Structure formats: structure tokens, C-alpha cells
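Attaching a predicted model along with its sequence, questions to come.
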Number of protein chains: 2
Amino acid sequence: MGKLDFSPIADTTRRGEIVALLRRAILTGQLEPGQKLNELRIAEQMRVSRAPLREAMRELVQEGILTSIPYAGTFVIDVAAKDIDDAYSLNKVLDEFAIELTWPLRDQRFFDELDRRHEAVKQATRDLDTTRQIETALQLHGLIYEWADNSVLLETWQRLTSRLQMYFALHQRARNEPVPAADVHETYVRLLKGADMHAAQRHAREHIDLDFEELLTYARSLESKGAGADRGGLPRKRPGEA
Amino acid sequence: MGKLDFSPIADTTRRGEIVALLRRAILTGQLEPGQKLNELRIAEQMRVSRAPLREAMRELVQEGILTSIPYAGTFVIDVAAKDIDDAYSLNKVLDEFAIELTWPLRDQRFFDELDRRHEAVKQATRDLDTTRQIETALQLHGLIYEWADNSVLLETWQRLTSRLQMYFALHQRARNEPVPAADVHETYVRLLKGADMHAAQRHAREHIDLDFEELLTYARSLESKGAGADRGGLPRKRPGEA
DNA sequence: TCTTGCTAGATTGTCGACAATCTGCTTGTC
DNA sequence: GACAAGCAGATTGTCGACAATCTAGCAAGA
């Protein structure tokens, strides 16, 4: 497979590269929740000035995976059990809607793509590449959103996904036992290929394949043992709203 | 009850002020869709350097009301009829969900706040202040999201709202006849106070008070007469995806 | 006339330095 | 010893200048 290394920026704009690098670092859990991002240090490591880095961080703040406190710093968002719960319940509603929109648009290309992504998940599972396993699973579930032909819905789901991916990565990282080899997405794919839309929606609402339940118990266990003390200043709860 | 909470301290940072200024300019239609934002000019007008301005613009890009093309410029998003349609349909789904979550949490404070916001709309209507009328109407509809106790849902709706507000402002600005004096939100408020949740949800799904239908015909009329040629370079369709 | 290459101007992207602000420690006083 | 004032150190916010890139216009050639 493509061995992807940190190569000097070559693509389009430095800012874009930085965004991609930081996002990946956060979503894979290399940067832990609550951790502070020191601009000077990161800028030096990337051999970039602070200007494009700050712009990139501003994007990720709006994307919802960083939070910023003026003159104090920018931090990776904290993961509260309530957040996961909220994201979970919203995700179910959106899934139902996406299925409804996608349903009449399904065609051979859709089924082929569905199989392709399903295969990618199984491959990652065989490789025991947990990070890629999460990525591919989310991509599999994302197909109905890409197919639904509703740009606002797609964008909404992508925002949600960022955080979900982060949560799952943290979970996987916490329990370093190998992931289950069973194919948990089998039912999902089968129902999407079938003729009963309501059955697919019911499955989305009740049994969604992603292991949210286990994720929740994990998150709750984290909270019981107090806020994780990370190096660097710790973010205080802010009063803010608009 | 001296109920006076300390409001969050004013943004001590220029960036925050700039974001607010720009957002308001876009949402009220002072900056038209497709229009290019010249950094040098705006920075001079605001008596600010380009750095905080660019960071502010980056936020608004992620917020979905600006789009950026490297080395070409940053533009106010274009309004396509499909976008409004997409936002409309998603909004209905979210409304239904928000009502479901809010329903068991309704209490006296909720009803009071509902009346307060309803009154604000009527006041703005009497004042013939169309901009404020849109703001207050959206705030009225936003109550169920604030009350639902689901931060992800709330955030999602706020993003959606930004664009809706912009669309409505454009619409209002196009037809400069005075707005209807009839109280179109009466039914909505009454149902939210009532005992039949499904009736409220049905109303949200079928009759939502905000005049989307009229907005759509307006948007379609815009598209038929070709893309509006604004001063400044015009944004090309970008290939980009992630 | 049409095409091709070049130049000049304007605009965006990036950099290094300075100013504003926060944090922790030291110092002086009681 | 406790406590407030004040002083470094570090970090974020902002600025002005430079480099990279795009656009428009013009000239040379087929």
C-alpha cells in the first residue's frame, strides 16, 4: 500500500496541507483530547510560519474538533459521554433521512460502490489496521449521504463524522486488544440492497453497526475517574454562547 | 429576581469583532452572493491588518457562508435553488427531532421564553424592520433547539440557520414591498404549548411557518435569468473534494 | 485575423518581528 | 507563615513587508 510520509509541502497551499496534517493527527488520536496546541512548536516542526498554521487551526475550530480561548490557547476538544450520546442520537435521525433520500436513487453503480467499500472494511479488518478500519467503516456508512443528493445533509454528516472518528479512535486506542473479526456490517449492506426501505431505516435506528454502545460505556468510565490531566494548560469550561 | 448573569466578556480580540461584522454584512445581504472580498480594501476600511481579517474569513468559510479559491479570492456563497431546497428538507427533519427531544423538557420557563420571542417577532413586524423580523423569527424557531439539550443538534441547526437567514434576507430585499402583517407563527406557538406532540411535528413537517415555498420560487426565478454578474472576478466551479 | 508568448499590475499566501496578555514565581510587608 | 504587589518568562494576537500566483493587455509571428 502507499507508504505515506510527511513530505515537504508541494500540493496547493501550505494552509491546506497543515489542515490535513492536523486533522489526521487529531482524528487518529495522536493528539489527545484536552491537549494544548503550541503554535510555535508546531510551526517549527512543520517548517512553516505561524500565519498559515493559525489559519488552519481556525478552520479546525469551526470544524468542531478544536476549541480556542483567546490569549490562552487552542485545545483539542474534550470528549464527554453526553457529546457522544448527542452525536449518536442525531446520527440515527440523519441516517434514516439519508436512506429515504437515497432509496429511489439506488442503481448498479450504487451497489457496486457499496460492495467496494464493504470490501475495504473487511480488508482493513484482516490487516488489523484499526485506524484504517474506522476510516473505512465510516466511509461505508457515508455512501448513503453521498448518494442522497443533498449537499447540506452531506456536509452535516461530515462534520458529525469528524468527531465520531475521533471518538472511535480513542476507544480503539484505549483497549489495545485486537478488534473483532466478525463482519458486523453484513446486515447493513444486505438491507441497503434489499427492497424494504423501512427495514433498513429500522436497522439504522435500532441496530446501527457502529459500536456506539460500547463507546458510551468507555466514555462514561473515563469521566468517572476525573478529567484527564494532559500536559499543557487545561481548558476551562467557557460560558460562551451566541 | 435579580437574574443577572455575567455575559461573556466582549471579544477582546480583533478577529472576533471582524467575524461578527462580516457575518452580519453577509447575512443581511449587504454583501451579495458571488461577490468577492478584497482583503486589502476591507482591512483598510476596518483599520485592521490582514492577518486577523484572513483568520476571520477562514472561520466564515468553514461556517459555510464564504467559499475560498486559493490565489483567486474569497467569495460570498452563491445561492442555488437546490441549496435552499436541500436546507429546507433537512430543516424539516431536524425540527421534528428537536420537537421530540424538547417535548418532555417543556416547563413554565419554556413557555415564557416562547411568548417572549413570539412577541419580539410581532414587534419587529409592527416596526416594519424586515431584517430584524427575520432574525427574531429564526430565534423563535430556534428555541426548540436550544431547549432540546443536544449540543450537536443545536450546532447543526445554527449552521443551517446562517444560510437560511441569508436566503430570507435576499428574498426580502428583492421584493421591497412591506411584509405581511398577519401573524404566521400563531399556529406554531399554539401547537408547541399544546399536548399533542405529533400534531406539532406534523405541522413542522408540512406547514412550517417560514415561507420557504415563496423563497424557492424567488430563487428559481433568479437562476432562470442567468448567474448574477457581480463586480470582481467570478468564482469558478472548483474540482475539490476531500 | 488568430494565436502565442511576454510583461506589468494587482491580489493572495507567507514570513519574521513586535505588542498585548496570561502564568508562575519572587519579594516585601504584616 | 500568609498574603498582596510586582516582576520575568512564555505564549498568543497583530502588524508591515516580501514572495508566489493569477489576470489582463500588448506585441510578435504564422
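Yes, it's here. None of these values were measured; they are calculated from a predicted model.

Point out where chain A drops to low pLDDT.
In the predicted model, chain A carries pLDDT under 70 at residues A:1-11, A:176-181, A:209-210, A:222, A:224-242.

Show me what from it comes close to DNA strand D.
Within chain A, the residues that sit near DNA strand D (C-beta under 7 Å from any atom of the strand) are A:36-40, A:50-51, A:54, A:68, A:70-74. Where you see a C-beta, it was placed from the backbone N, CA and C, and this is true even at glycine.

if you set the cut-off to 10 Å instead, what comes out?
For chain A, the residues in contact with DNA strand D under the definition C-beta under 10 Å from any atom of the strand are A:10, A:12-13, A:36-43, A:49-51, A:53-55, A:57-58, A:68-75, A:232-233.

just the buried members of those?
With neighbours counted using 16 or more other C-beta atoms under 10 Å in any protein chain shown, the residues of chain A next to DNA strand D contain these buried positions: A:36-37, A:42-43, A:53-55, A:57-58, A:68, A:73-75.

now, which of the residues you listed lie within strands?
When DSSP state E defines the strands, the subset of those inside them is A:36-37, A:68, A:73-75.

quick one: which two of those are the most distant?
The two members of those with the most space between them (C-beta to C-beta) are A:36 and A:68, at 10.8 Å.

what is in contact with the two at once?
Common neighbours of residue A:36 and residue A:68 are listed as A:74-75 (criterion: C-beta atoms under 8 Å, 6 or more residues apart in numbering or on different chains).

what residues does stretch A:156-175 touch?
The contact list for stretch A:156-175 (C-beta under 8 Å, 6+ apart) reads A:23, A:26-29, A:32-33, A:63-65, A:77, A:79, A:83-84, A:87, A:90-91, A:94, A:98, A:130-131, A:133-135, A:138, A:142, A:145, A:179, A:210-211, A:214-215, A:218-219, B:90, B:152, B:156, B:159-160.

Now the element after the host helix or strand of residue A:159, going C-ward?
Mapping residue A:159 onto the secondary structure by DSSP states H and E places it in helix A:151-174. Using DSSP H and E, the helix or strand that follows helix A:151-174 in sequence is helix A:186-193.

which other helices and strands contact that next one?
Counting contacts by 3 or more C-beta pairs under 8 Å, 6 or more residues apart in numbering or on different chains; DSSP states H and E, helix A:186-193 packs against helix A:108-127, helix A:130-147, helix A:197-207.

let's see 10 Å
Using 3 or more C-beta pairs under 10 Å, 6 or more residues apart in numbering or on different chains; DSSP states H and E, the elements in contact with helix A:186-193 are helix A:81-102, helix A:108-127, helix A:130-147, helix A:197-207.

Which residues does it contact?
The set of residues that contact helix A:186-193 without belonging to it, under C-beta atoms under 10 Å, 6 or more residues apart in numbering or on different chains, is A:95, A:99, A:102-103, A:106, A:110-111, A:114-115, A:117-118, A:121-122, A:137, A:140-141, A:143-144, A:147, A:183, A:197, A:199-204, A:207-210.

filter the buried ones among the residues of chain A next to DNA strand D down to the ones close to chain B.
Of the entries in those, those that also sit close to chain B under the rule C-beta under 10 Å from any C-beta of the partner chain are A:54-55, A:57-58, A:68.

which residue of chain A sits farthest from its center?
Note on chain A: the largest C-alpha distance from the chain mean falls to residue A:195, namely 29.8 Å (C-alpha atoms, centre = their mean).

any idea how far that residue lies from residue A:103?
Applying C-beta to C-beta, to the nearest Å, the value for residue A:195 to residue A:103 is 10 Å.

Centroid-nearest residue for chain A?
Going by C-alpha atoms, centre = their mean for chain A, the residue that ends up nearest the centre is residue A:165, at 2.4 Å.

Relative to DNA strand C, how far out is it?
With distances defined as C-beta to the nearest atom of the strand, to the nearest Å, the gap from residue A:165 to DNA strand C amounts to 26 Å.

Not counting its neighbours along the chain, what's nearest residue A:201?
Once flanking residues are discounted, residue A:201 sits nearest to residue A:96: 4.8 Å by C-beta to C-beta, 6 or more residues apart in numbering or on different chains.

same thing with residue A:152?
Looking at residue A:152 with C-beta to C-beta, 6+ apart, the closest residue is residue B:86, at 4.3 Å.

isn't that neighbour right next to residue A:145, touching?
No. Look at residue B:86 against residue A:145 with C-beta atoms under 10 Å: they stay out of range, at 12.0 Å.

any shared contact partners between those two?
Common neighbours of residue B:86 and residue A:145 (criterion: C-beta under 10 Å, 6+ apart): A:101, A:153-155.

Highest neighbour count among those?
Within these, residue A:153 tops the neighbour count with 22 neighbours, counted by other C-beta atoms under 10 Å in any protein chain shown.

For the closest residue to that one other than its chain neighbours, which residues are in contact?
Ranked by C-beta to C-beta, 6+ apart and with sequence neighbours excluded, the top spatial neighbour of residue A:153 is residue B:90, at 5.3 Å. With contact set as C-beta under 10 Å, 6+ apart, residue B:90 has these partners: A:94, A:97, A:101, A:150-153, A:155-156, B:156-157, B:160.

Which of those residues are buried, as a PyMOL select command?
For the buried members of the contacts of residue B:90, the matching PyMOL selection, counting by 16+ other C-beta under 10 Å, is:
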select buried, (chain A and resi 94+97+101+150+152+153+155+156) or (chain B and resi 156+157+160)
